[in-house]
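Asks: What would the 3D arrangement of this be:
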Amino acid sequence: MSERVLVTGARAPAALDIARSLKTAGFEVHMADCVPARIARWSKAPAAVHRHASPVQQPARFASDIRALIDRLDPIAILPTCEEVFYLAALAEAQGWSDRLVAPQFDRLATLHHKGRFAALCGDLGLPVPTTTVVTDSTSLIGDAAGTDVVVKPAWSRFGAQTLIRPDATALAMLRPTPETPWVIQSRITGEEVSVYAVAHEGRLSAFSAYWSDWRTRGGAAYVFEPLTGPVLDRLRDTASTLAAFVRTGQFACDAIIDAAGQPWLIECNPRATSGVHLFGRSAAFGHALLGRGVAEPGPNIWRNSIMFDTFGVAEALCKKRLPAWHEDRRRSHDILSAPGDPAPGLGALADAAGFGLLALTSHRSLAQAMTADIEWNGQPLTPALWGTP
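Replies: Coordinates of the predicted model:
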């Protein structure tokens, strides 16, 4: 009988490719989320896709649902892929099953997620990071940032949401930082933006990839992922190895800026799965590496999110007269949604996008906010009392 693995955050394309890799490696893969996650439900990769309550909206019910899933499936490992990782880590520590969770301890997750604390950690580890200041009141924010060459963003945020570059006093006056909702001011580094994804087990890397993209949304989210090459790749791998010693076990990803001298500067960290998983080509080696059973290396292929490339990408190509580049990149890249023998997830992703779009309209949120509002964590206490009887 195959060993079972539970992958959470089934809404994410990264989660689906993780499931595909695990299946190729011989595991029985189950997935779970608090939304329909048709991208996974319509795929042939998971044996089943399970539904649980939102950890944000119904934490006690979430805890009950997860406990029931663990009791029923008895997975050898639980692999979070999105921000539910924070809730799972806190819940696992409270209930005593952290040994099954492939994720850092909760306090380490919080340090990695908080942009100010992550910068301080990098400083302690000797890793290059822009000068970063945490502010908790409007007066300090305006005094330190107005008219300077800085980037201002919430300490707890994702997908470049609310990021301001070289903001003026008027823009800063609209912000309301508090001790509970701090912001950070970072000196602005100019250069090429790249991303790193890694898996650590017992403080050592078991998987590492790095990529860049010149196809991005206005908020900065990439939807074409091209493997990074050249001397900087070794420097980024060394950086990831240093961070792996802190992470201990779990997935983590970093955004960095490569300056004109070839120096990578770490900007922020996402302690979860990101698009770097696609570079491993759904290999069995990556499936094993996720569980600490070997080391995986990424392949040379370029990958794209076909839905975003065929919508946002077309719009950008028309506006910026990049249609020849669009056609060429579409020809030479592989789709992260569909796979040979598994074409339906692309349609599932379209259905999911429509659902999130409707939610965004009815809740007066942006699409990015609607896609994560039910799982995101912004520094609020996660105490054992949350996991009481629903």
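
Asks: domain assignment for this structure?
Replies: Under the assignment automatic domain parsing, the domains of the chain span 4-103+375-387, 131-187, 194-343.

Asks: Could you say which of these is packed most deeply?
Replies: For the domains of the chain, the largest average neighbour count (mean count of other CB atoms under 10 Å) is found in domain 4-103+375-387, namely a mean of 21. Quick note: C-beta positions are derived from backbone N, CA and C, even for glycine.

Asks: That domain: end-to-end distance?
Replies: Terminal residues of domain 4-103+375-387 are spaced 25 Å apart (CA to CA, to the nearest Å).

Asks: isn't residue 144 right up against residue 131?
Replies: No: taking contacts as CB atoms under 8 Å, residue 144 lies outside contact range of residue 131: 10.7 Å.

Asks: Just the helices from the stretch 251-390 of the chain, written as ranges.
Replies: Under the criterion DSSP state H, counting those that start in this stretch, the stretch 251-390 of the chain contains helices at 284-290, 306-308, 314-319, 323-332, 345-363, 367-372.

Asks: Okay, now the unreliable bits of this protein?
Replies: Applying pLDDT under 70 to the chain picks out residues 389-390.

Asks: can you pull the contacts of the most centrally placed residue in it?
Replies: Centre of the chain computed as the mean C-alpha position; nearest residue by CA atoms, centre = their mean is residue 274, 4.1 Å away. Residues near residue 274 by CB atoms under 8 Å, 6 or more residues apart in numbering: 14, 195, 197, 253.

Asks: Enumerate the beta-bridge partners assigned to the last one.
Replies: Beta-bridge pairing for residue 253 (DSSP bridges): residue 197, residue 270.

Asks: and the gap between it and residue 131?
Replies: Note on residue 253: its distance to residue 131, by CB to CB, to the nearest Å, is 22 Å.

Asks: if I've got this straight, residue 194 is in a strand?
Replies: Yes: with DSSP: H, G, I helix; E, B strand; the rest coil as the criterion, residue 194 is assigned to a strand.

Asks: Leaving out the residues flanking it, which one is nearest to it?
Replies: Sequence neighbours aside, residue 212 is the residue nearest to residue 194 in space, at 4.7 Å (criterion: CB to CB, 6 or more residues apart in numbering).

Asks: cool, and residue 255?
Replies: Nearest to residue 255 is residue 267, by CB to CB, 6+ apart, at 4.6 Å.

Asks: need the contact list for the one you found.
Replies: Applying CB under 8 Å, 6+ apart, the residues contacting residue 267 are 129, 130, 186, 189, 254, 255, 256, 257.

Asks: Could you rerun that using 7 Å?
Replies: 255, 256, 257 (CB atoms under 7 Å, 6 or more residues apart in numbering).

Asks: Residue 54 now?
Replies: If a contact means CB under 7 Å, 6+ apart, then residue 54 has 34, 62, 374, 375 as its contacts.

Asks: so which helix or strand takes in it?
Replies: Assigned by DSSP states H and E, residue 54 falls within no helix or strand.

Asks: neighbouring contacts of the helix or strand residue 91 falls within?
Replies: Using DSSP H and E, residue 91 maps to helix 84-95. Outside of helix 84-95, the residues within contact range by CB under 7 Å, 6+ apart are 8-9, 55, 62-63, 66-67, 78, 80, 98, 101, 103, 105-106, 109, 271-272, 375, 377, 382, 384, 387.

Asks: neighbours around the nearest residue to residue 338 once chain neighbours are set aside, how many?
Replies: Residue nearest to residue 338 in three dimensions, not counting chain neighbours: residue 346, with 4.5 Å by CB to CB, 6+ apart. When neighbours are counted by other CB atoms under 10 Å, residue 346 registers 20.

Asks: Go ahead and confirm residue 346 touches residue 308.
Replies: No: counting by CB atoms under 7 Å, residue 308 is not a contact partner of residue 346; they are 11.6 Å apart.

Asks: In a helix, residue 103, correct?
Replies: No: Residue 103: not assigned to a helix; according to three-state DSSP it is coil.

Asks: Against residue 220, how distant is it?
Replies: Applying CB to CB to residue 103 and residue 220 gives a distance of 25 Å.

Asks: Pull up the gap between the residue nearest to residue 82 when sequence neighbours are not counted and residue 299, please.
Replies: Among residues not flanking residue 82 along the chain, residue 9 sits closest, at 3.4 Å (CB to CB, 6+ apart). Distance, residue 9 to residue 299, using CB to CB: 23 Å.

Asks: Fine, thanks again, bye for now.
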